[in-house]
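Return atomic coordinates for the entry below.
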Amino acid sequence: MEKNQERTKVLLVGVNVNSDPDFESGLEELASLAEACDMEVVGVETQNVAQVNTGVYVGKGKVDEIKAVAHMLEADMVVFDNSLSPMQLRNLNEIIERPVIDRTNLILEIFSTRARTREAQIQVETARLQYELPRLAGLGQVLSRQGGGSGGGFANKGAGEKKLELDRRKIRHRISELKKELKEVEKNRATQRKRRLSQGIPLVSLVGYTNAGKSTLMNALIEHYDLTEQEAGPAGSDLDQNQAGQEKKDHKSRKVFVEDMLFATLDTTVRKISLPDKKEFLLSDTVGFINKLPHNLVESFRSTLEEVKYADLLIEVVDYSDHKYEEQMAVTAETLRELGAETIPCIHVFNKCDLVEAREPDKVPWSLPHKGHNCIYMAAGRKVGLDQLTDMISEAVFGDYIDCTMLIPYDQGALVSYFNDNATVLETEYLAEGTRMRMQCLLKDLQKYKEYVLL
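This next block holds a predicted model:
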């Protein structure tokens, strides 16, 4: 009870323009966003309109009603499920006499609390400043309340007062500084990407709507295959075994943050997954998508989001237990098109099927896991379907690998090193004639070095 008293009480306002079929789901999502921002929703006001009011967005009579309801419910803040213009924001603040924010500002606040790496922090701050620049007058009241620890405003994130003091010139200068710093970060990312490509390890990227279970799936794969490899025992010297064993004991440190909330993960995370057959791939997880993602955030996070363009395979994680999952898949598809990643091969993971089994048995008529064409129905939280999904990933990214055995002369030591780096070596034996390697290599390498192939 004490926690609820400390949370910011908010009144949500939704405006249904021209009978939008997604209006109700959008309003539900707004409530989830408010919850993710540690706010308490005390009421919801809606209005159907043919067109928005350029001055106050809603009808003039509705503004007075919102003001009265906010006062009656003792709401600390009013949140609109629409993007408000600087003029609308200023007018609504003056009339309602309570801080008014829109969906964009709410998402920005969530992002600012979730950013952990310097890159994410730069991206979020850039997006926030670009949003605030034309709205300084209207946001003054909201920003002045950010210094408080509870009640009538956001919790103190350390930047409220500073932003209030910035004038437009200082904000533009700060944006310029941030963009320069981001370019340096992007250079480092490009260097890392180049190094990865030179290693030839496939990259598999998790994509999908926020809170679909991407991070849960990543953690499940990390734990499952770290422990599998530890049980099998790493190859190599006793020193290698000790080092590898210690690494597997530390698999918990390789996991990513997981929480049942929107945008729990913002920062891009890449982990190597080592399979029992000695194949390896990189698995990346980044920010989830959402409907009406603010333009400033899309632009600021473009360098991060565009990492999916370099993936060899996409894994779209879908929350099958959400009755809006098809609309969420449409948002994901549109976002991937905007990023230029729509042609990359994709496996659709319909996640949280265990929740659907209990609630709607007819929606899951088969036992889990169930594989379909380029899709799988599973439950990452219960670790159901991990092996089957990995088989699908292997088939997709290692499809060009051929089983073969080669006998490589000792004077071709560089070729042995090449295959150790660019093939899945299953067995190595040192004979009088040379090094015998049983492996899975690319077809092009098999054809190029066919003189060493043992029939």
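
Show me where the stretch 151-300 of the chain has its strands.
Ranges of strands in the stretch 151-300 of the chain, per DSSP state E, counting those that start in this stretch, are 203-207, 269-274, 280-285.

typed the wrong thing, it's the stretch 301-450 of the chain
313-319, 346-351, 370-372, 375-377, 401-408, 424-430, 435-442.

Report the mean per-residue pLDDT for the fourth one.
Per-residue pLDDT values across strand 375-377 average out to 96.

does Arg116 count as helix, strand or coil?
Here Arg116 is coil, with the state taken from DSSP: H, G, I helix; E, B strand; the rest coil.

got the strands of the stretch 301-450 of the chain as JSON lines, with distance to Glu132 and mean neighbour count columns?
All C-beta spots, glycine's among them, are computed from the backbone N, C-alpha and C. Shown next, in JSON lines, are the strands of the stretch 301-450 of the chain (distance: least, C-beta to C-beta, whole Å; neighbours: other C-beta atoms under 10 Å):
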{"stretch": "strand 313-319", "distance to Glu132": "32", "mean neighbour count": "23"}
{"stretch": "strand 346-351", "distance to Glu132": "36", "mean neighbour count": "23"}
{"stretch": "strand 370-372", "distance to Glu132": "46", "mean neighbour count": "14"}
{"stretch": "strand 375-377", "distance to Glu132": "42", "mean neighbour count": "21"}
{"stretch": "strand 401-408", "distance to Glu132": "52", "mean neighbour count": "17"}
{"stretch": "strand 424-430", "distance to Glu132": "52", "mean neighbour count": "13"}
{"stretch": "strand 435-442", "distance to Glu132": "51", "mean neighbour count": "19"}
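
how about the ones you listed, which one is nearest Ile171?
strand 313-319 (36.6 Å; C-beta to C-beta).

I'd like to check the angle between that closest one and strand 203-207, please.
Comparing the axes of strand 313-319 and strand 203-207 via axes from the mean of the first three to the mean of the last three C-alpha atoms, to 10 degrees yields an angle of 20 degrees.

show me what contacts Trp366?
Neighbouring residues of Trp366 by C-beta atoms under 8 Å, 6 or more residues apart in numbering: Tyr377.

Including distance to Pro294, could the strands of the stretch 301-450 of the chain go into a markdown table?
As requested, those are exported to a markdown table (distance: least, C-beta to C-beta, whole Å):
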| stretch | distance to Pro294 |
| --- | --- |
| strand 313-319 | 22 |
| strand 346-351 | 25 |
| strand 370-372 | 35 |
| strand 375-377 | 30 |
| strand 401-408 | 42 |
| strand 424-430 | 43 |
| strand 435-442 | 43 |
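
all helices of the stretch 201-350 of the chain, in order?
Here the stretch 201-350 of the chain has its helices, by DSSP state H, counting those that start in this stretch, at 214-232, 238-249, 295-300, 302-305, 325-339.

looking at the ones you listed, which one has the lowest mean pLDDT?
helix 238-249 - the lowest mean pLDDT of the helices of the stretch 201-350 of the chain, at a mean of 45.

Least confident secondary structure element in this structure?
For the chain, counting by mean pLDDT, DSSP states H and E, helix 238-249 ranks last in confidence among helices and strands (a mean of 45).

Point out where the chain drops to low pLDDT.
Residues of the chain meeting the criterion pLDDT under 70: 1-5, 136-166, 197-200, 227-262, 264-267, 303.

So which residue is smack in the middle of this protein?
Centroid-nearest residue in the chain: Val287, 2.3 Å away (criterion: C-alpha atoms, centre = their mean).

Can you give me the domain assignment for the chain?
Per automatic domain parsing, the structural domains of the chain span 2-168, 200-397, 401-452.

Much appreciated, bye for now.
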